[in-house]
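Novice: dropping a prediction and its sequence here:
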Amino acid sequence: MRSSRFVHPVGDAVDDAPGPARAIAAAGEAAGASLLALAGPVLAVYFASPDQAVGLWGAIQFGLGAWLLAHGVTLTVSIGVFSLAPLLATALVITTGTWAASRLCSWLPRDPGPRWAWAGGLRRDVALEGLAFIGCYLTLGILACALVRTDTMRASVAHGLVGFTAVGALSYLGGLLVEFRSDIGDVADRCRPLDWVPRWAFGGARAGLRSLAGLLTVSVVAVIVLVALRYSQITQLYHELSPGLAGGTVLTGLQLLYLPNAAVWTLSWISGPGFGIGADSTITLTRSTPGLLPLIPALGILPEPGELPLLARALPLLPMLGGVAMDRDLARRCHVGWRRHAHGLLVGSVVAATGAVLVGMISSGSLGGGQLSYVGVQPLLLGICVGAEISIGAVLSQLVRMVHQGPADTSTDAGHSPRPRPQDAPVPSAGLNHRPVRRLRPMSTATRHTPTTPAGRPHTPPAPTPEIPRPPDNYDR
């Protein structure tokens with residue numbers, strides 16, 4: 001059920017306002033909170049620096065540029081194009097928007113009110129508030145893109161249209177999920193696409209997403225371990241830069257914003273394709289060719305140029321273990337026959353590969369011109385390798401389970417009820433003739449005789465009793 005809120009959703013000033021007005025206020029709240037979280041440290045460094053190389057307006061534009069970059073907006077500066085979005089900042093923006101949208105949705109009445117039949121029974125109040133929320137968020141983003149247009153920096157309005165629309169829609173959907181929870185189907189009661197999806201397909205897709213999430217978690221842990229192992233190289237780069245306390249804090253924060261990007265690059269390295277920090281840089285399982293790198297302390301975790309140890313060639317076993325986990329997850333949550341189970345594993349592998357392509361696309365981009373014109377992975381190759389390795393692990397796991405348990409242990413068909421076994425047959429209702437009747441075989445002619453009475457007269461048999469219907473063949477006698 002929907003949770004009760006202990007705070008006012010948007011503010012006392014708009015509590016009695018119409019739904020679209022509250023949605024506009026919530027969108028402004030979401031944009032302001034995320035902008036303050038990303039641009040606030042930049043302004044703090046500006047006011048704390050004794051020698052200010054840029055003016056206040058320049059610092060504000062730099063903070064706006066960081067906020068736009070988190071929404072996937074491309075920035076064109078004097079040294080090149082910046083399109084590599086910090087995924088941790090993107091997650092922060094979506095989380096802030098979801099928080100504001102959930103507070104907005106808490107004011108939705110329990111009574112659904114009018115619905116739009118042509119939109120699958122969508123609630124009209126939900127649709128109007130959602131359009132107002134997304135429209136206001138998009139308007140604020142386009143205004144920010146217009147403000148960041150100087151001789152040294154320009155923001156792409158076309159990318160802003162796509163990025164701010166996507167972030168606003170994801171935030172509002174997240175707010176609906178947080179508020180309605182298990183009752184999310186009541187928002188559009190006639191639109192139930194999952195009813196048409198077989199159980200094995202839905203279970204396979206969910207298992208594939210969990211497998212990909214597990215691999216990304218392992219990649220994050222691997223990045224943290226590499227930072228701990230090469231801590232001396234990273235501190236040496238800090239000493240060479242000498243950014244000071246305020247500058248070092250901002251530099252460390254900027255590097256942490258790219259931690260999810262580094263996790264995706266590590267996943268590409270583990271699965272085989274590798275990644276590159278620049279045009280002439282390739283880091284694979286066999287060889288490291290970093291090339292000319294910028295003076296960024298976090299890049300000290302990269303291996304030294306040359307051949308890598310033979311043990312690194314065994315790292316593709318990790319995605320295969322992800323396939324084993326996907327097979328066990330599907331077998332535990334969805335009891336189907338082995339053919340449907342194999343189909344579910346195929347769906348899960350395709351979903352995991354598609355997710356790897358998407359995260360590879362959003363985690364790669366440009367950090368300027370020249371050597372850093374492209375930083376990241378090859379998304380299509382990453383998806384193919386991840387999907388193939390997960391499939392191999394899942395198929396091997398299923399074969400091992402079939403050898404140990406047998407194919408007959410995976411019981412039912414896809415999404416259908418199993419055929420009732422004899423012990424599952426319905427028992428006739430209790431009544432006068434509820435007990436089964438034993439049928440006697442007729443006597444042969446040789447042994448058959450006509451009964452007589454003691455007086456010698458033939459015995460007249462009584463009227464035959466109506467035959468009781470025979471119970472079903474699968475009735476458990």
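Specialist: Happy to help now that I have it.
Novice: okay, CA-based contacts and neighbour counts for the rest of this
Specialist: Noted.
Novice: just the strands in the stretch 251-400 of the chain please.
Specialist: Counting by DSSP state E, counting those that start in this stretch, residue ranges of the strands within the stretch 251-400 of the chain are 276-277, 282-283, 287-289, 306-307, 367-368, 375-376.
Novice: among the ones you listed, which is the most enclosed?
Specialist: strand 276-277 (a mean of 25; mean count of other C-alpha atoms under 10 Å).
Novice: what's in contact with that one?
Specialist: Contacts of strand 276-277 with the rest of the structure, by C-alpha atoms under 8 Å, 6 or more residues apart in numbering, involve 282-283, 290, 293, 372, 374-377.
Novice: make it 6 Å
Specialist: Contacts with strand 276-277, where a contact means C-alpha atoms under 6 Å, 6 or more residues apart in numbering, come from 282, 375-376.
Novice: again with stretch 372-388
Specialist: With C-alpha under 6 Å, 6+ apart, stretch 372-388 has contacts from 268, 275-278, 349, 353, 356-357, 360-361, 364-366.
Novice: so of those, which ones are in helices?
Specialist: Of the positions in those, 268, 349, 353, 356-357, 360-361 sit in helices, assigned by DSSP state H.
Novice: switch the residues you listed over to CSV; also include neighbour count.
Specialist: CSV is the format used below for the ones in helices among the contacts of stretch 372-388 (neighbours: other C-alpha atoms under 10 Å):
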residue, neighbour count
Ser268, 29
Ser349, 31
Ala353, 27
Ala356, 27
Val357, 22
Gly360, 24
Met361, 18
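Novice: in this protein, which residue is most central in space?
Specialist: Geometric centre of the chain, nearest residue: Leu209, 6.0 Å, by C-alpha atoms, centre = their mean.
Novice: just the element for that residue, please.
Specialist: helix 199-229 (DSSP states H and E).
Novice: one step back: out of the contacts of strand 276-277, which comes closest to Leu177?
Specialist: Nearest to Leu177 among those is Gly376, at 32.5 Å by C-alpha to C-alpha.
Novice: partner residues bridging the closest one?
Specialist: Gly276 (DSSP bridges).
Novice: okay, it and Gly247: tell me how far apart.
Specialist: Between Gly376 and Gly247 the computed distance is 26 Å (C-alpha to C-alpha, to the nearest Å).
Novice: contacting residues for Phe133?
Specialist: 23-24, 27.
Novice: can I get those in JSON lines including pLDDT, distance to Ala37 and neighbour count?
Specialist: Listed next are those as JSON lines, based on pLDDT from 0 to 100; distance: C-alpha to C-alpha, whole Å; neighbours: other C-alpha atoms under 10 Å:
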{"residue": "Ala23", "pLDDT": "93", "distance to Ala37": "21", "neighbour count": "30"}
{"residue": "Ile24", "pLDDT": "94", "distance to Ala37": "20", "neighbour count": "22"}
{"residue": "Ala27", "pLDDT": "94", "distance to Ala37": "16", "neighbour count": "30"}
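Novice: what about these, which are in helices?
Specialist: Per DSSP H, the contacts of Phe133 map to helices at 23-24, 27.
Novice: does Ala66 belong to a helix or a strand, and which?
Specialist: helix 56-70.
Novice: which elements pack onto that helix?
Specialist: Packing partners of helix 56-70 (3 or more C-alpha pairs under 6 Å, 6 or more residues apart in numbering; DSSP states H and E): helix 19-48.
Novice: hmm, try it at 8 Å
Specialist: Helix 56-70 makes packing contacts with helix 19-48, helix 87-105, helix 124-147 when contacts are defined by 3 or more C-alpha pairs under 8 Å, 6 or more residues apart in numbering; DSSP states H and E.
Novice: closest one to Gln405 among those?
Specialist: helix 87-105 (43.2 Å).
Novice: might you calculate how far the closest one sits from the centre of the chain?
Specialist: 16 Å (C-alpha atoms, centre = their mean, to the nearest Å).
Novice: after that helix, next one along is what?
Specialist: Next along from helix 87-105, by DSSP H and E: strand 115-116.
Novice: what helices and strands are in contact with that following strand?
Specialist: Here strand 115-116 touches strand 122-123, going by 3+ C-alpha pairs under 8 Å, 6+ apart.
Novice: quick one: contacts of the strand it packs on?
Specialist: 112-116, 187-190.
Novice: could you dump those residues to JSON lines with distance to Leu311?
Specialist: Listed next are the contacts of strand 122-123 as JSON lines, based on distance: C-alpha to C-alpha, whole Å:
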{"residue": "Pro112", "distance to Leu311": "60"}
{"residue": "Gly113", "distance to Leu311": "63"}
{"residue": "Pro114", "distance to Leu311": "63"}
{"residue": "Arg115", "distance to Leu311": "60"}
{"residue": "Trp116", "distance to Leu311": "60"}
{"residue": "Val187", "distance to Leu311": "52"}
{"residue": "Ala188", "distance to Leu311": "53"}
{"residue": "Asp189", "distance to Leu311": "54"}
{"residue": "Arg190", "distance to Leu311": "55"}
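Novice: what sits against the nearest residue to His71 once chain neighbours are set aside?
Specialist: Computed as C-alpha to C-alpha, 6 or more residues apart in numbering, the closest residue to His71 that is not its neighbour in sequence is Gly163, at 5.2 Å. Gly163 makes contact with 71-73, according to C-alpha under 8 Å, 6+ apart.
Novice: repeat for Val45
Specialist: 246-247, 250.
Novice: ok, now how distant is the residue nearest to His71 from Glu179?
Specialist: 24 Å.
Novice: now swap in Leu87 and tell me
Specialist: 25 Å.
Novice: do the same with Gly360
Specialist: The separation that Gly360 has from Glu179, given C-alpha to C-alpha, amounts to 31 Å.
Novice: ok, the contacts of Phe133 vs Gly130, which is closest?
Specialist: Ala23 (7.3 Å).
Novice: identify the residues contacting the closest one.
Specialist: Ala23 touches 101, 104, 129-130, 132-133, counting by C-alpha under 8 Å, 6+ apart.
Novice: closest to Leu216 out of these?
Specialist: Nearest member of those to Leu216, counting by C-alpha to C-alpha, is Ala101, at 27.5 Å.
Novice: these two touch, right, Arg206 and Val347?
Specialist: No. Arg206 sits out of contact with Val347 when judged by C-alpha atoms under 8 Å, with a separation of 9.4 Å.
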